[in-house]
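Asker: what's the 3D shape of this:
(chains A and B, ligands or ions: 3)
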Amino acid sequence: MKARAFSYFRAATIDQALDAHARAGDDARFIAGGQSLVPALSLRLQAPRLLIDITHIDELRGVRREGGHLRIGALTRHCEMLSEPLIAEFAPLLHAAAPFVAHPAIRNRGTFGGSVALADPASEFPAMTLALDAEIEIAGPSGRRRVKADDFFIDLFETSLQPGELITAIYVPLFRADQRFAFDELARRRGDYALVGCGMLATFAGARIDDIRISFFSVGNTPTRVRGVEATLIGSRLDAERVVAAQGALEGDLAPPESDEVPPAMRLHLARVLLGRLLGRLGEGA
Amino acid sequence: MSGFDDSLLNEADETVRIRMVVNGRKVAWEVAPRETLVDCLRDRLELTGTHAGCEMGACGACLVQLDGRAVHSCLIFAVQADGATIDTIEGLSERGAIADLQAEFHRRNALQCGFCTPGMLVNAHELLSQVAQPSREEIRDALSGNYCRCTGYEAIVDAIDAVAKARGTSGGVT
Ligand SMILES: Cc1cc2nc3c(=O)[nH]c(=O)nc-3n(C[C@H](O)[C@H](O)[C@H](O)COP(=O)(O)OP(=O)(O)OC[C@H]3O[C@@H](n4cnc5c(N)ncnc54)[C@H](O)[C@@H]3O)c2cc1C
Ligand code: FES
Ligand code: FES
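Answerer: Residues are numbered from 1 along each chain as shown, chains lettered A, B, ... in the order given. Ligands and ions are numbered 1, 2, ... in the order given. The predicted structure follows:
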């Protein structure tokens, strides 16, 4: 199991990386942490002519406050989600999700930008960008743009990234004192991809939910916001009755695909259980 | 503006010169971009303590330290590690960094065939450098990416737990 031969280019700037990709046409791949791309190359699921290493581009690094947002550079590693104090303070949902992403050594190399770009529907971070109402900053041959997470994930491993475009950073609105979050997943073994996972961010007006965004992963072709459930919760005090109503609404929002491993009805059941637990925690102040 | 040269696209089979510090020794190699770090370490430097099991990031037998952090050497091409400092199980044992872990694994029979053991030790070393006194649950969690097919994990967890406690009382050896 060896990758097919390819050329390797280490880019020093975003422009160099974009330029190299444009010249190689569709036959190039950016490599960040490589924790998903290297296995794909070894299995020859992909066989590009050129690998463009983006990990030495300084502009893709760093976490800092920018206005009402936290700007998280695309190269921020999963382990930094756990160790970076700005993330713990201003994006605690990402901090809570990070220990569930793979194993420690994979977290030492895998990057936030790589995870979002790959858009694996079973991954924690892409789904959390939805719950957080994050924006993805993209650099491409025709300039820079910012795309809302709600508009970014299109289908299985398909995003609004065009070939040759690079994610430069993810912008997350700063966590506020009137907000609460909760995260959990059900997996067969710690570090495995979840059977079902969920993260949520709620804004409270006193004891009532003023706004809430709930995002599931491992339940469909893309990370999935459950808007029907969100609607049943807005304005509520999160009493037991309302939690049951929210669980009931889940069926209208999720349609887990057929799979040999976990039948759709079971996945939906697990999603209901998880939703109930997380809303319980949110009610207790999470 | 661009450091990119189109002729590179026609040179996929050619080798690239890279330099690293491996176990404290400077080395320079000519490698093909498709060669993984684990293959280079084993084939060129004969550092065969780093094992290639699944070559997919799933078993943990290939763990090494890269610039001080544990990584899977099957999930990184050697060219990517140009300029890096690598410590393999041989380097860590020779400089005594994991002598207490090795002794405790031995004492508790925490290994049988030994194929997984180098990865276990690199991972245990990483864990104890991050968290001085991990709980048993944290130890299990940290080992979740290492497959051992013959001992079960109880003795391994015991060994790491005992070393953490011993280091704690002796004021911390690293
Ligand atoms: C055993 C194992 C278990 C894992 N378990 C989990 C898990 O539980 N949860 C989870 O979420 N992930 C898991 N992963 C995947 C891991 O988290 C990866 O780190 C992550 O999915 C991809 O990040 P990367 O930086 O390694 O990207 P790479 O592998 O380098 O790249 C992935 C893709 O994204 C593209 N890309 C990378 N960066 C950018 C960018 N800035 N802009 C545009 N395109 C880019 C690449 O071209 C490639 O197509 C696991 C991996 C392994 C090997
Ligand atoms: S050989 Fe690298 S994890 Fe199995
Ligand atoms: S000792 Fe043989 S696999 Fe662990």
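Asker: Next, see if the helix or strand where A:Asp15 lies gets close to ligand 1.
Answerer: If you go by DSSP states H and E, A:Asp15 is part of helix A:14-24. No - shown here: helix A:14-24 not in contact with ligand 1 (Cβ under 6 Å from any ligand atom), separated by at least 9.0 Å. All C-beta atoms are positioned from the backbone trio N, CA, C, and that covers glycine.
Asker: helices or strands up against that helix?
Answerer: Applying 3 or more Cβ pairs under 8 Å, 6 or more residues apart in numbering or on different chains; DSSP states H and E, one finds that helix A:14-24 makes contact with strand A:28-31, strand A:50-53, strand A:135-140, strand A:166-173.
Asker: pLDDT score for the nearest residue to B:Gly3 once chain neighbours are set aside?
Answerer: Of all residues not flanking B:Gly3 in the chain, A:Gln16 sits nearest, at 5.4 Å (Cβ to Cβ, 6 or more residues apart in numbering or on different chains). We have a pLDDT of 97 for A:Gln16.
Asker: cool, and B:Ala61?
Answerer: 97.
Asker: now the one 10 residues further on
Answerer: On pLDDT, B:Val71 comes in at 98.
Asker: I figured it hits A:Pro104, correct?
Answerer: No - B:Val71 lies out of contact with A:Pro104 (Cβ atoms under 8 Å); the separation is 9.9 Å.
Asker: In three-state terms, label the nearest residue to B:Cys150 once chain neighbours are set aside for me.
Answerer: Spatial nearest neighbour of B:Cys150, chain neighbours left out: B:Gln112 (4.3 Å); criterion: Cβ to Cβ, 6+ apart. Of the three states, B:Gln112 takes coil under DSSP: H, G, I helix; E, B strand; the rest coil.
Asker: How many neighbouring residues does B:Gln112 have?
Answerer: By other Cβ atoms under 10 Å in any protein chain shown, 14 other residues sit near B:Gln112.
Asker: ok, A:Thr55 - contacts?
Answerer: By Cβ atoms under 8 Å, 6 or more residues apart in numbering or on different chains, the contact set of A:Thr55 is A:Ile31, A:Ala32, A:Gly33, A:Leu75, A:Thr111, B:Gln80.
Asker: ok, it to B:Cys113 distance?
Answerer: Counting by Cβ to Cβ, to the nearest Å, the gap from A:Thr55 to B:Cys113 is 35 Å.
Asker: quick one: what helix or strand has A:Met200 in it?
Answerer: Using DSSP H and E, A:Met200 falls in strand A:196-205.
Asker: tell me which strands and helices the following helix or strand past that strand is in contact with?
Answerer: Beyond strand A:196-205 on the C-terminal side, the first helix or strand identified by DSSP H and E is strand A:208-217. Other helices and strands packing on strand A:208-217, by 3+ Cβ pairs under 8 Å, 6+ apart, are helix A:124-131, strand A:196-205, strand A:224-225, helix A:227-233.
Asker: mind listing the strands for chain B?
Answerer: B:16-22, B:25-31, B:63-66, B:69-72, B:85-87 (DSSP state E).
Asker: Give me the buried stretch members for the last one, please.
Answerer: Right, strand B:85-87. For strand B:85-87, the neighbour count (16 or more other Cβ atoms under 10 Å in any protein chain shown) marks B:Ile86, B:Asp87 as buried.
Asker: Which residues of chain B lie near chain A?
Answerer: B:1-4, B:6, B:8-9, B:11-13, B:16, B:32-34, B:36, B:55-57, B:60, B:63, B:69-72, B:74-77, B:79-80, B:82, B:123, B:126-127, B:140-142, B:144-145 (Cβ under 8 Å from any Cβ of the partner chain).
Asker: cutoff 7 Å now
Answerer: Within chain B, the residues that sit near chain A (Cβ under 7 Å from any Cβ of the partner chain) are B:1-4, B:6, B:8-9, B:11-13, B:16, B:32-34, B:55-57, B:63, B:69-72, B:75-76, B:79-80, B:123, B:126, B:141-142, B:144-145.
Asker: Please list which of these also come close to ligand 2.
Answerer: Answer for the residues of chain B next to chain A near ligand 2 (Cβ under 6 Å from any ligand atom): B:Glu55, B:Gly57, B:His72.
Asker: what pLDDT does the second one get?
Answerer: What that stands for is B:Gly57. The per-residue pLDDT reported for B:Gly57 equals 95.
Asker: and A:Gly280, which of the helices and strands packed on helix A:14-24 is closest to it?
Answerer: strand A:166-173 (24.9 Å; Cβ to Cβ).
Asker: Roughly how far does B:Tyr147 sit from B:Tyr153?
Answerer: Noted for B:Tyr147: a distance of 10 Å to B:Tyr153, by Cβ to Cβ.
Asker: A:Pro141 now?
Answerer: Going from A:Pro141 to B:Tyr153 by Cβ to Cβ gives 50 Å.
Asker: May I ask you to name the longest helix in the chain?
Answerer: If you meant another chain, say so; for now it's chain A. The residue-count maximum for a helix in chain A (DSSP state H) belongs to helix A:264-283.
Asker: wrong chain, I was asking about chain B
Answerer: The longest helix of chain B (DSSP H) is helix B:154-169.
Asker: could you give me the average pLDDT of it?
Answerer: The pLDDT scores in helix B:154-169 average 95.
Asker: does any bit of it sit next to ligand 3?
Answerer: No - on the criterion Cβ under 6 Å from any ligand atom, helix B:154-169 is out of touch with ligand 3, staying 8.3 Å away.
Asker: Does anything pack onto that helix? Which helices or strands?
Answerer: For helix B:154-169, the packing partners by 3 or more Cβ pairs under 7 Å, 6 or more residues apart in numbering or on different chains; DSSP states H and E come out as helix B:99-107, helix B:117-130, helix B:136-142.
Asker: Can you check the pLDDT for the closest residue to chain B within the stretch 151-286 of chain A?
Answerer: Going by Cβ to the nearest Cβ, chain B is nearest to A:Gly191 of the stretch 151-286 of chain A, at 3.9 Å. Looking at A:Gly191, its pLDDT reads 73.
Asker: How about it: what's its closest non-neighbour residue?
Answerer: Leaving aside its chain neighbours, A:Gly191 sits nearest to B:Ser144 (3.9 Å; criterion: Cβ to Cβ, 6+ apart).
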